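Engineer: quick one: sequence plus predicted model below, questions after.
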Amino acid sequence: MKLKTITFARCFFPWLLLSGCQPSNQLYQSDSLYVFGTLVNVSIWGVPEPQARAAVNTVAQELQRLHQEWHAWQPGPLTELNQAFATGKSREVTAPTLLSLVEQAKFFYKLTDGLFNPAIGRLIELWGFHQDEMPVGPPPAAANIAKLVALAPTMEDVIIDGNQVSSKNPAVQLDFGGIGKGYAVDLAINQLRQLGIQNAIVNAGGNLKVMGKKGKYPWLIGIRHPSGQGVLAAVTTNGEESVITSGNYERYREYQGQHYSHILDPRNGMPAQTLTSVTVIACSGALADVATTALSVAGLADWYRIAKPMGLKLVMLVDNQGTVYLSPAMAERVKFESNQSPTVVLSEPL
């Protein structure tokens, strides 16, 4: 794959939705709730306030329900399913969205050559990410990591027979942190559409989906700087799209100056290291969410190979030195807001 280094002129953005600026027009309604371990914002344009507020409340109730069904460590349908796996039993999954997540996870596992592997919940737990607070203290012992990696839990071990789900490998423990929020914003936008909303944005902690426009103009989406401070760039959306960013600044373990990302490489059980953030734009939030995880694991050396069969066109990666890697289609959409434009490397078309 040939790479081309290019530069971008500094751009100024009139307003950035993700930076907290909000228009004063009375037909704009924005509310937030805490769910999926993050702040979720639902913004609606173009309908009277009572209709918008009712729609937001309906979506909020649905997101809370999904949060309970998909939670990886609090009691609920997913933890019950994982308990069945551990004891070699089959379990009937009656929650349609949970069954859909399992089915999609199996599909995306194959599509990403195993780099997206939500069957490694035990590893995620070992690293301390099955808790609401950031983990503290030293990382897990190398021997304990190697022991779980050797058990080789994968989505191919999961068997679906109608509503009955089982696992051939008792080491499988599902954790949908790499797809859940993306799928949730898909469902939320679809629900808003059913409620008569045509212009909206749902943002679940960097997992974002839009439909329609903000008045006459496309939604303008800020992409958080990998440092965790401020905005690196912005993109304008085109109709119904998901703009999803995963970064090692979101959840991590830090010990003696070493930063350990929550995104784990299922091949060795260690945090992904070469990229600080990955942004993907796609029609499907679930696809974009999976892609940011898989490309983070693939790293600079292998991201293009993984992105190609996924059908991705719009990809941005930032490495540990701050260099930005763009697919050509993303380069046409992104504008950087910085006093000093970053070094940008352009890939071949996807």
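Structural biologist: Here it is on my side, so go on. Numbers count the residues shown, from 1 in each chain.
Engineer: when you work out contacts or count neighbours from here on, use the C-alpha atoms and nothing else.
Structural biologist: Fine.
Engineer: average pLDDT across the helix or strand that contains residue 66?
Structural biologist: Using DSSP states H and E, residue 66 sits within helix 49-70. Across helix 49-70, pLDDT averages out at 93.
Engineer: in PDB, list the C-alpha atoms belonging to the helix or strand just after it.
Structural biologist: Downstream of helix 49-70, the next assigned helix or strand under DSSP H and E is helix 77-86. Taking Å, rounded to 0.1, in the frame of the first residue of the first chain, the C-alpha atoms of helix 77-86 are listed here in PDB:
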ATOM      1  CA  PRO A  77     -29.400 -11.400  30.400                       C
ATOM      2  CA  LEU A  78     -25.800 -11.200  29.200                       C
ATOM      3  CA  THR A  79     -24.200 -12.200  32.500                       C
ATOM      4  CA  GLU A  80     -26.700 -15.100  32.700                       C
ATOM      5  CA  LEU A  81     -25.700 -16.200  29.200                       C
ATOM      6  CA  ASN A  82     -22.000 -16.000  30.200                       C
ATOM      7  CA  GLN A  83     -22.700 -18.100  33.300                       C
ATOM      8  CA  ALA A  84     -24.300 -20.700  31.100                       C
ATOM      9  CA  PHE A  85     -21.200 -20.800  28.900                       C
ATOM     10  CA  ALA A  86     -19.000 -21.300  31.900                       C
END
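Engineer: hang on, the earlier thing: chain center to the helix holding residue 66, what's the gap?
Structural biologist: Chain-centre distance of helix 49-70: 20 Å, with CA atoms, centre = their mean, to the nearest Å.
Engineer: just the angle between that helix and helix 77-86, please?
Structural biologist: Here helix 49-70 points in a direction 20 degrees away from that of helix 77-86 (axes from the mean of the first three to the mean of the last three CA atoms, to 10 degrees).
Engineer: where in the stretch 251-350 of the chain is pLDDT low?
Structural biologist: Per-residue confidence of the stretch 251-350 of the chain (counting by pLDDT under 70) places the weak regions at 251-252, 337-340.
Engineer: so where do the helices sit in it?
Structural biologist: 285-307, 328-331 (DSSP state H, counting those that start in this stretch).
Engineer: buried ones in the helix holding residue 66?
Structural biologist: Of the residues in helix 49-70, those buried by neighbour count under the rule 16 or more other CA atoms under 10 Å are 49, 52-53, 55-56, 59-60, 63, 66-70.
Engineer: quick one, what contacts residue 94?
Structural biologist: The contact partners of residue 94, by CA atoms under 8 Å, 6 or more residues apart in numbering, come to residue 163.
Engineer: surely it is in a helix?
Structural biologist: No. The assignment for residue 94 by DSSP: H, G, I helix; E, B strand; the rest coil gives coil, which leaves it out of any helix.
Engineer: quick one, phi/psi of it?
Structural biologist: The main-chain torsion angles of residue 94 are listed as degrees, to the nearest 10 and equal phi -100, psi -20.
Engineer: what about it, distance to residue 140?
Structural biologist: Residue 94 sits 35 Å away from residue 140, going by CA to CA, to the nearest Å.
Engineer: try residue 283
Structural biologist: If you go by CA to CA, the gap between residue 283 and residue 140 works out to 38 Å.
Engineer: who has more neighbours, these two?
Structural biologist: Looking at residue 283 and residue 140 with other CA atoms under 10 Å, you find the greater number of neighbours at residue 283, namely 17 against 13.
Engineer: you'd agree that one is up against residue 239?
Structural biologist: No. With contact defined as CA atoms under 8 Å, residue 283 and residue 239 do not form a contacting pair (9.1 Å).
Engineer: any chance you could list what contacts stretch 140-155?
Structural biologist: Applying CA under 8 Å, 6+ apart, the set of residues contacting stretch 140-155 from outside is 105-106, 109, 114, 117-120, 122-123, 126-127, 169, 171-173, 266-270.
Engineer: can you map out the strands along the stretch 1-150 of the chain?
Structural biologist: 4-6, 28-35, 38-45, 91-92 (DSSP state E, counting those that start in this stretch).
Engineer: redo those strands as JSON lines? Include mean neighbour count, mean pLDDT and distance to residue 224.
Structural biologist: Formatted as JSON lines, the entries for the strands of the stretch 1-150 of the chain read as follows, by neighbours: other CA atoms under 10 Å; pLDDT from 0 to 100; distance: least, CA to CA, whole Å:
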{"stretch": "strand 4-6", "mean neighbour count": "13", "mean pLDDT": "39", "distance to residue 224": "21"}
{"stretch": "strand 28-35", "mean neighbour count": "17", "mean pLDDT": "76", "distance to residue 224": "18"}
{"stretch": "strand 38-45", "mean neighbour count": "21", "mean pLDDT": "89", "distance to residue 224": "15"}
{"stretch": "strand 91-92", "mean neighbour count": "18", "mean pLDDT": "97", "distance to residue 224": "40"}
